[in-house]
Structure formats: C-alpha cells, structure tokens
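# Coordinates for the following, if possible.
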Amino acid sequence: MWLLFGATVAAILFARIRLLELPLERDEGEYAYTGHLLLSGIPPYKLAYSMKFPGTSVAYAVLMSIFGESINGIHLGLIFINLLTAGLVLFLGRQLLGELGGIGAAAAYCVLSVMPHVLGQAAHATHFVVMCSMAGAFLQLRAIDRRSKMLIAASGCLFGLGLLMKQPGLFFVLFGAIYLFSRDWRAQLAPHDIAWRNLVFVTGGCAPFFVTCLALWKAGVFEKFWFWTIKYAGQYGSQLSIREGLRIFAEHFWNRLGTASPIWAIAAIGLIVCLVNPTLRNRAGFLITFAFFSTLAVCPGFYFRPHYFILLLPAVSLLTGAALVAALNGLRSSGNTVRFATILLFALCFAWPLWSEADFFFGKPLAEANRMINGTNPFPESIKIGEYIRTQSDPSDTIAVLGSEPQIYFYSKRRSATGYIYTYGLMEPQPYAHQMQQEMIREIETARPKFLVLVVVNKSWLAGRDSDQTILRWADSFCDANYEEVGLINISDEGTDYYFSGRPANVTPTAEHLLIYRRKG
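So this is what the prediction gives:
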C-alpha cells in the first residue's frame, strides 16, 4: 500500500508540474489580483469587489510571497496545499480506519483532486476550504480522545478558517459542532460539560470571522464586505429554485465523476459497508455525517459547478479507504495472494483515471491542454494583453476590463479603475443589478483609466434575455467618445489572432473577441 501511495503521489506530482504554466482562469485571476493588492497594503473589497470571503485571497498573498507572483508560483502553492491536504487525509484516515485505510484514502484523494472534471488543476477556493476542514476534523478527533478543551478550541478555529476561505465552509463548521455534541452525548458526559465543550468549539469556529470583520472595519471596507458577501451573495444563492437545482444536478453529476467513476463506485460500496460491517460501525457515525455535510457544501445556490465537487472529495476518499479496509478484513483468511490481488484491483481503479486522461496530464502541449478544459475562454489571451498593457503604461496608470477577466489586472500589474472585476452580477436578474451597473460606470468615468479592455465573449458576461443592457450601450458610446482602438484579439476554434497597435483594414472581429482601447490625448 505504501508503494501504491508513493507511485500515486509521483504520478500526480509529475502531472501537476507539467501543467504548472496553464493560464490562470477567472477565480485564480481574482485571488491573484486581490492577493497582489494585499501584498501592496490594500485591503480586500477596496479596489476589487467579490462575493467570497477574503480567506483565499489572504492565502494567495501568503503563497505568492513564498513562491512568487506568477502563474508558476500560484500553481506551486497549489501543489503544496494539495500535498498537505493529502497528508491530512492520510492521518485522519489512519485514525479512523487504520494504516491501510488511511493510505488508500490519501491515494484516492490525490487522484480525485487533480481530475479535470472538477477543475482540480486550478487553485480554487475549494482546495483551501478542504485543507482547513480536514485539519479541523483531524484535530477534533484528537481533542475528543484526549478530552482537551484547548484542542477543541483549536479545531473550531481551523473549521472557522475554512469558512473564511469560502462560505460553503460553514457546513463543515456545522459538522464539527454536531459530531462533537453527538460524541459527548454518547460518552454520557454531564450536561454542563457537553454545553461548555460545544461553547468552546463554537467560539473557536466564530473567532476567525469576527477577527476578520474587525480588521475590515478598521480598514474602512466593512460596508462593502457586508454588501458583497452577505446581501448580494444571498441574492446570488437564491436565484435558482430547488426544482431547477435538481435538474442541474442530474445533468452535471455524472460529468463530475468522469473517468474517476471507479473510485466513486468504491466509495459508494464503502458507504454501504459502514452501515452493515460491524468492524467499521464505531467509525460509521463520523464517515456518514462527514459525507452528508460535504454533500450539503456542494449545494448552495444549486449551481453545481465543477470545482464545487472538490468539497466532497475528502469524504469520498475516506469512504474509499473504508471499502478497502472492509475488503482486506473480509479476506484475512484467504491468504496473502488474494489480499494482494485485492490491493492490485484498487490500484487499477486509481490508475484508470490517470491513464484515461493521459493526453491532458502527460501528452498534449499546454495550449491544447488548456483548450481541452477551458475551450475558447480568453485565458491564454489575457497573458499577452496584460504584457502589452504593462509595457505601454506606467505603474501609476489604471485600467478597466469590461468583462469578467480579473486575471488581466494581475498580469498587467495595474490597478483597476473600478472595483467591479466581474460583470456577471450586472447581468443577473437580481435587484442590485442596475445599481451595480451605475456604480461601475461612475467609477470608470471618474478614474478615466488609460486602457480599457472590452471583452466580447459570452462566457465573460452570461447575459440573458432579461439582463439589463444599460452598461453595454454605455460602453459603446463611452469608448467611441474617449478612447481609440489599439488592439484586437480574435478567438476562434482554429486559434487566436493578435493585432496590437491597430488592426489591418481587411480584418474584422470574430464572434468572440477582445478590444483594447487607449484613452485619447
């Protein structure tokens, strides 16, 4: 099993290192830009608005200060986070299931968390939520066994840090509180001891959030923080009905499994085994409850986007380890040959996803690998746009991107003229949309940015039939009156054509393109 784990880690490391220079996608661009601002002394929500809590931006700032403010530095940081999480899965699994179960669970997590079906190669906030939550769960088990209030507070704090990374981390905080209460109740502790220990845990879980609120209040951005992460995020999370959510789940769930479906199937067997196998029944409460709350963490808003499923992967991995332990225990009297064959079968299930996705992980050039997962999204184009703006402007100049491409701000190392680094919210059928459009227009007109990038890509706006078109009409007239076109980037299935410093007379924009404008005079 240790050989299997070592081979799995080596293969995953090789794949991640080969994909180090994959362009940043939108979420990565947001965290990279806000992390860069933090390293420059600018608090979150001042120059970049986001409906996500600021924990991942802080984590990016820390990682970039160690590995560098670059694509490679960010993805090296992800490798570190991923290995740390795999180690936590190993330790937690060993505590719950024994050494073999822990190794199997960690190997499963390494494979599942790199799969393109969940966008595992990108440093999404969900990776950071999972890391903090696994650390909290591991420490909580140690705290329960030792009956240490200090460890209980520390585990609550770690769960609370997971919440700071992104709002769905709240479900892991709830898991920790409910599991602690149930364990104390079954241990027949005195009621006042149960209440005190849970109060200690909840206090630890709330502490990171309240400290963050205080820090943002002192920085003068608490009002923006509250609007974006509570008021607007509440609107964003309530746009879809339960019926629509179930339809989206049914359409997307099997795609999220992808070629890793053998591991998910083993995890399903592990879930059944936890209910019927006497040797695992004493840990079934943790495994099943953890899987339940991990599933809930994927559900807020009912969008079921690929990277949301990363929140479910530790639970799936632990259930995979449970199935392995049950199989090996059941075959204890069958001899070493049969047990070795069982381990080999598990190894083949772990290897199958990597072999099936070998083109992406090991074969295709980076440009083709990027197209395989990101299609025609302007992620590689953003790198060249950022470089062009950086060479044609001064560090004190500001720029504006009309579209949801925050990575351009990071690549150009230029500050945004508006806090609206995403335009999705402006197109959504929600009560703040028109107000947000007017605010973005006002900020850009006041700042008079030197460069303006207009992104004519549907995936960068997601405009619908009922979207407010005010800002799109304003953009056309504002650019014509105040800016001159200096760049055109045409994107098509055949590739990308770049025309900087003006386009030839015989070239027209394709259906998906980006225009770069420079302020007149």
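
# Confirm that residue 47 sits in a helix.
No: going by DSSP: H, G, I helix; E, B strand; the rest coil, the assignment for residue 47 is coil, not a helix.

# Quick check: closest non-adjacent residue to the residue nearest the centre of the chain.
In the chain, the residue lying closest to the centroid (CA atoms, centre = their mean) is residue 124, at 2.4 Å. Of all residues not flanking residue 124 in the chain, residue 307 sits nearest, at 4.2 Å (CB to CB, 6 or more residues apart in numbering). The way it works is simple: take the backbone N, C-alpha and C, and place the C-beta from them, glycine included.

# Test my guess that residue 174 contacts residue 293.
Yes: Residue 174 is within contact range of residue 293, at 6.2 Å (criterion: CB atoms under 8 Å).

# which phi and psi does residue 484 have?
Main-chain torsions, residue 484, degrees, to the nearest 10: phi -120, psi 140.

# Identify the residues contacting the residue nearest to the centre of the chain.
Residue 124 makes contact with 27-28, 307, 310, according to CB atoms under 8 Å, 6 or more residues apart in numbering.

# residue ranges of the strands in this protein, please?
For the chain, the strands defined by DSSP state E cover 398-402, 415-416, 451-456, 483-492, 495-500, 512-519.

# What distance do you get for residue 499 to residue 487?
Applying CB to CB, to the nearest Å, one obtains 6 Å for the distance of residue 499 from residue 487.

# cool, and residue 219?
In terms of CB to CB, residue 219 sits 36 Å off from residue 487.

# which one of these two has more residues nearby?
Using other CB atoms under 10 Å, the more surrounded residue of residue 219 and residue 487 is residue 487, with 22 against 14.

# ok, now which ones touch that one?
For residue 487, the contact set (CB under 8 Å, 6+ apart) comprises 385, 388, 498-503, 514-516.

# Can you get me a residue count around residue 56?
By the measure other CB under 10 Å, the count of residues near residue 56 is 26.

# try residue 250
10.

# ok, now residue 484?
12.

# hang on, isn't it packed against residue 516?
No: using CB under 8 Å, residue 484 is not in contact with residue 516; the gap is 10.0 Å.

# And the pLDDT for the residue lying closest to residue 343 once chain neighbours are set aside?
The shortest distance from residue 343 to any residue other than its chain neighbours is 6.4 Å, reached at residue 1 (CB to CB, 6+ apart). At residue 1, the pLDDT value in this model is 90.

# Which positions within the helix or strand bottoming out on mean pLDDT in the chain qualify as buried?
Ranking every helix and strand in the chain by mean pLDDT, DSSP states H and E puts helix 242-257 at the bottom, with a mean of 89. Of all the residues in helix 242-257, those buried under the rule 16 or more other CB atoms under 10 Å are 245, 248, 252, 256-257.

# Make TSV from the residues you listed and add distance to residue 191 to it.
TSV is the format used below for the buried residues of helix 242-257 (distance: CB to CB, whole Å):
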residue	distance to residue 191
245	39
248	44
252	45
256	43
257	44
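
# what does stretch 496-511 rub up against?
By CB under 8 Å, 6+ apart, stretch 496-511 touches 380-381, 384, 388, 456, 485-492, 515-516.

# what's the answer for stretch 471-483, then?
Stretch 471-483 is contacted by residues 402, 423, 426, 437, 440-441, 444-445, 448, 452, 454, 463, 485, 515, 517-520 when judged by CB under 8 Å, 6+ apart.

# please redo it, this time with the cut-off set to 7 Å
Contact with stretch 471-483 is made by 402, 426, 437, 440-441, 452, 454, 517-520, as judged by CB atoms under 7 Å, 6 or more residues apart in numbering.

# quick revisit: out of the contacts of residue 124, which two are the most distant from each other?
For those, the farthest-apart pair by CB to CB is 28 and 310; their separation is 13.8 Å.

# ok, now how distant is the residue nearest to residue 346 when sequence neighbours are not counted from residue 312?
Residue nearest to residue 346 in three dimensions, not counting chain neighbours: residue 324, with 5.8 Å by CB to CB, 6+ apart. Distance of residue 324 to residue 312, given as CB to CB: 19 Å.

# the more surrounded of the two?
Using other CB under 10 Å, the more surrounded residue of residue 324 and residue 312 is residue 324, with 30 against 22.

# For the more buried one, give me its contacts.
Under the criterion of CB under 7 Å, 6+ apart, the neighbours of residue 324 are 100-101, 104, 346.

# Which single one of those is nearest to residue 417?
Nearest to residue 417 among the contacts of residue 324, counting by CB to CB, is residue 104 at 51.6 Å.

# Does that closest one touch residue 322 like I think?
No: at 8.8 Å, residue 104 does not count as touching residue 322 under the criterion of CB atoms under 7 Å.

# Could you point out which of the contacts of residue 324 is nearest to residue 317?
Taking CB to CB as the measure, residue 104 is the one of these closest to residue 317, at 8.3 Å.

# Please identify the most buried of the strands of the chain.
strand 398-402 (a mean of 25; mean count of other CB atoms under 10 Å).

# Give me the residues contacting it.
With CB under 7 Å, 6+ apart, strand 398-402 has contacts from 389, 408-409, 412, 414-418, 423, 444, 447, 449-455, 475.

# show me what contacts the closest residue to residue 37 other than its chain neighbours?
Spatial nearest neighbour of residue 37, excluding adjacent residues (CB to CB, 6+ apart): residue 47 at 5.9 Å. Neighbour list for residue 47: 37, 415-416, 419 [criterion: CB under 7 Å, 6+ apart].

# what's the distance between the closest residue to residue 83 other than its chain neighbours and residue 91?
Leaving aside its sequence neighbours, residue 83 sits nearest to residue 9 (CB to CB, 6+ apart; 7.6 Å). Going from residue 9 to residue 91 by CB to CB gives 15 Å.

# one step back: in contact with the residue nearest to residue 343, which residues?
Residue 1 touches 100, 103-104, 343, counting by CB under 7 Å, 6+ apart.

# out of the residues you listed, what pair is the most spread apart?
Spanning the widest gap among the contacts of residue 1 are 103 and 343, at 10.0 Å by CB to CB.

# Neighbour count for those two, which is higher?
Using other CB under 10 Å, the more surrounded residue of residue 103 and residue 343 is residue 103, with 24 against 17.

# The more buried one contacts residue 5, doesn't it?
Yes: contact criterion CB under 7 Å: residue 103 and residue 5 qualify, at 4.9 Å.

# how many other residues sit next to residue 57?
Per other CB under 10 Å, the neighbour tally for residue 57 reads 27.

# who wins for proximity to residue 160 among the strands of the chain?
Between the strands of the chain, strand 415-416 lies closest to residue 160; by CB to CB that is 29.8 Å.

# and the closest one, what does it pack onto?
Contacts defined by 3 or more CB pairs under 7 Å, 6 or more residues apart in numbering; DSSP states H and E place strand 415-416 against strand 398-402.

# Sheet partners, orientation included, of the strand it packs on?
Strand 398-402 has its sheet partners listed here by DSSP bridges as strand 415-416 (parallel), strand 451-456 (parallel).

# could you list every residue that touches residue 295?
residue 312.

# What's the per-residue pLDDT of it here?
Per the predicted model, pLDDT is 96 at residue 295.

# Thanks again, I'm all set now.
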